[in-house]
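A.B. asks: Below is the structure, and that's it, no one-letter string:
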């Protein structure tokens, strides 16, 4: 038995897996916890593991930087230490990876039914670098590079780079965010909370009228704002929500195009995280890809890069499980 988890700012998915079940481990038991209701990952592991359960290995994909087996999560007041988890729960091998690394690992095993294509089909046999960009509670970025016969995941904290702008509207949004934050990172706009902030920008600057009921719900429960804005935008029942989602998608496409150029992602781009599948109609209307490819002399290159949305909501969890199995295989070889 192995243990794997996807540790996010909003929720933590955790599961046990049968590591003998083939190329992709089979989940044997699964639970979801609201992260903010726990003092740390150890609390969740303690609640989840049953008496007598002793995993042979564990891997956790963490929404934050991982340095020497330790992570201070930016969207939670947690410090996660792999050696402490191993010691407390008697797990011989515990690995922490960035959650986008976990998603990228799963990305290397995805089939055609696991994705929705926005711009052509990603060739699984292509050797060019693949890029994974995922908007959720924050914005994660990772790469997959070919190493021998395998895909090697590389972490990044690209979501905390400075937010770029392409036009006067986006410059106005940046000014709006600058009044509220010392540093305006990309994830201040391209994330779930970012979508809520963009809605606030649209309303506060009177760029479009909000639906009164949507505005009331968002004001009363800010956590619900991304879902409410998305729902009303897709139903076209709130002009401010429509404009907020439109601006969000354009920013998402533009920054993804920037990352694709940075790493020369000729092997394709995968959009992970919880937001992309929920706003799929807004991603397939052409705005995302136009913003993605709007890079002047490199438009033709970017037009030729296939982009797809990961439909598997547990990609990071399964990627962590695959990484745990590989850790066991390494231990057997050594």
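C.D. replies: That came through fine. On a predicted model such as this, the values are computed, not experimentally measured, just so you know.

A.B. asks: and residue 151, that's in a helix?
C.D. replies: No - under DSSP: H, G, I helix; E, B strand; the rest coil, residue 151 sits outside any helix and is assigned strand.

A.B. asks: Correct me if wrong: it contacts residue 106.
C.D. replies: No - Residue 151 is beyond contact range of residue 106, at 10.5 Å (criterion: CB atoms under 8 Å). All C-beta spots, glycine's among them, are computed from the backbone N, C-alpha and C.

A.B. asks: of those two, who's got more company?
C.D. replies: residue 106 (27 against 20; other CB atoms under 10 Å).

A.B. asks: Might you report the residue contacts of that one?
C.D. replies: Listed by CB atoms under 8 Å, 6 or more residues apart in numbering, the contact set of residue 106 reads 310, 312, 315, 316, 318, 319, 322.

A.B. asks: From residue 24, how far off is the third one?
C.D. replies: Taking CB to CB, to the nearest Å as the criterion, residue 315 is separated from residue 24 by 11 Å.

A.B. asks: what about the two, which has more around it?
C.D. replies: Neighbours of residue 315 and residue 24, each counted by other CB under 10 Å, are more numerous for residue 315; the result is 27 against 14.

A.B. asks: List the backbone torsions phi and psi for the more buried one.
C.D. replies: The phi and psi values for residue 315, taken as degrees, to the nearest 10, are phi -60, psi -40.

A.B. asks: ok, and the closest non-adjacent residue to it?
C.D. replies: Setting aside the residues directly before and after it, residue 315 is nearest to residue 106 in space (CB to CB, 6 or more residues apart in numbering), at 4.2 Å.

A.B. asks: List the buried residues of the lowest-mean-pLDDT helix or strand in the chain.
C.D. replies: In the chain, no helix or strand scores lower on mean pLDDT, DSSP states H and E than helix 315-333, which sits at a mean of 84. By neighbour count on 16 or more other CB atoms under 10 Å, the buried set for helix 315-333 is 315-327.

A.B. asks: List just the nearest of those residues to residue 249.
C.D. replies: residue 315 (20.8 Å; CB to CB).

A.B. asks: what about the least confident helix or strand of the chain, distance to the chain center?
C.D. replies: Relative to its chain's centre, helix 315-333 lies at 20 Å (CA atoms, centre = their mean, to the nearest Å).

A.B. asks: neighbouring contacts of it?
C.D. replies: By CB under 8 Å, 6+ apart, the residues outside helix 315-333 that reach it are 2-6, 13-15, 17, 19, 24-25, 27, 56-61, 92-93, 95, 97, 99-107, 109-110, 272, 312.

A.B. asks: Filter the residues you listed down to the ones in helices?
C.D. replies: Among the contacts of helix 315-333, DSSP state H puts 99, 100, 101, 102, 103, 104, 105, 106, 107 in helices.

A.B. asks: of those residues, closest to residue 178?
C.D. replies: residue 100 (26.4 Å).

A.B. asks: Make sure the closest one is actually in contact with residue 140.
C.D. replies: Yes - counting by CB under 8 Å, residue 100 does reach residue 140; the two are 3.6 Å apart.

A.B. asks: shared neighbours of those two, anything?
C.D. replies: With CB under 8 Å, 6+ apart, residue 100 and residue 140 have common neighbours 132, 134, 156, 272.

A.B. asks: which one of those residues has the most neighbours?
C.D. replies: Of the shared contacts of residue 100 and residue 140, with other CB under 10 Å as the count, residue 132 tops at 31 neighbours.

A.B. asks: On the three-state scheme, that one is what?
C.D. replies: Residue 132 ends up strand, using three-state DSSP.

A.B. asks: For beta bridges, what are the partners of it?
C.D. replies: Per DSSP bridges, residues listed as beta-bridge partners of residue 132: residue 142, residue 270.

A.B. asks: quick one: it from residue 101, how far?
C.D. replies: In this view, residue 132 and residue 101 are 9 Å apart by CB to CB.

A.B. asks: Now for the two: what residues contact both?
C.D. replies: Joint contacts of residue 132 and residue 101 (CB under 8 Å, 6+ apart) are residue 142.

A.B. asks: which of the residues in the longest helix seen in the chain are buried?
C.D. replies: Secondary structure of the chain per DSSP H: the longest helix is helix 239-263. Applying a neighbour-count criterion of 16+ other CB under 10 Å, one finds 239-260, 263 buried in helix 239-263.
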